[in-house]
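Asker: predicted model and sequence follow; I will ask about them next.
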Amino acid sequence: MLITELFCSLLLGLLIGWWLFSDSRARQLIPISRLSHASSREELLGILASVGVQKLSRLIPGIILETDKTIVFKHPRPKYRIHYIFAPKKDIKDISDISEDDREYLTELFAVMSTVIKQESLQDYKLWSNGPGKQDVTYLHFHLGAK
């Protein structure tokens, strides 16, 4: 009886893990040679961001707008009066990781950026994305900041 329960629990855990991480791209979590310990932290956060954005977006606080391919939410530690994060619902590590398969997600992402900028009637704003070594989370996202 106990072995059956353990086996069923393990199987359930594997199925849930497969579902959560099935749309995430493989990442290197163990620092090798020149990589620092911090880079593995950003990679791990990138995997968690991938799962959160793609599978558990309802749990993200401060959602401004959500479509099938994009999510926009308030930055958890804003530096501006308006500080939003725009993320595609596809696991893309950074701009150098973009492929032709990502076109529809990026087109939608920029259309949503335009929509939010118009809805907020922003004239003086900053829009940016950080590259490797500057990202706190290894997952393509853009910041919109306005004072």
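Answerer: Structure's in. What do you need? Numbers count the residues shown, from 1 in each chain.
Asker: ok, for the spatially most central residue of the chain, nearest residue in space, not its chain neighbours?
Answerer: Central residue of the chain (C-alpha atoms, centre = their mean): residue 49, 4.2 Å from the mean position. Nearest non-adjacent residue to residue 49, counting by C-beta to C-beta, 6 or more residues apart in numbering: residue 139, 4.1 Å away. Any C-beta I mention is one placed from the backbone N, CA and C, and that applies to glycine too.
Asker: so that neighbour: helix, strand or coil?
Answerer: Following DSSP: H, G, I helix; E, B strand; the rest coil, the label given to residue 139 is coil.
Asker: neighbours of residue 144, how many?
Answerer: For residue 144, the count of nearby residues is 22 (other C-beta atoms under 10 Å).
Asker: which residues does it contact?
Answerer: Applying C-beta atoms under 8 Å, 6 or more residues apart in numbering to residue 144 gives the contacts 82-84, 86, 113, 116-117, 122, 125-127.
Asker: who are the packing partners of the helix or strand where residue 45 lies?
Answerer: Element membership for residue 45 (DSSP states H and E) is helix 37-55. Using 3 or more C-beta pairs under 8 Å, 6 or more residues apart in numbering; DSSP states H and E, the elements in contact with helix 37-55 are helix 2-21, strand 82-88.
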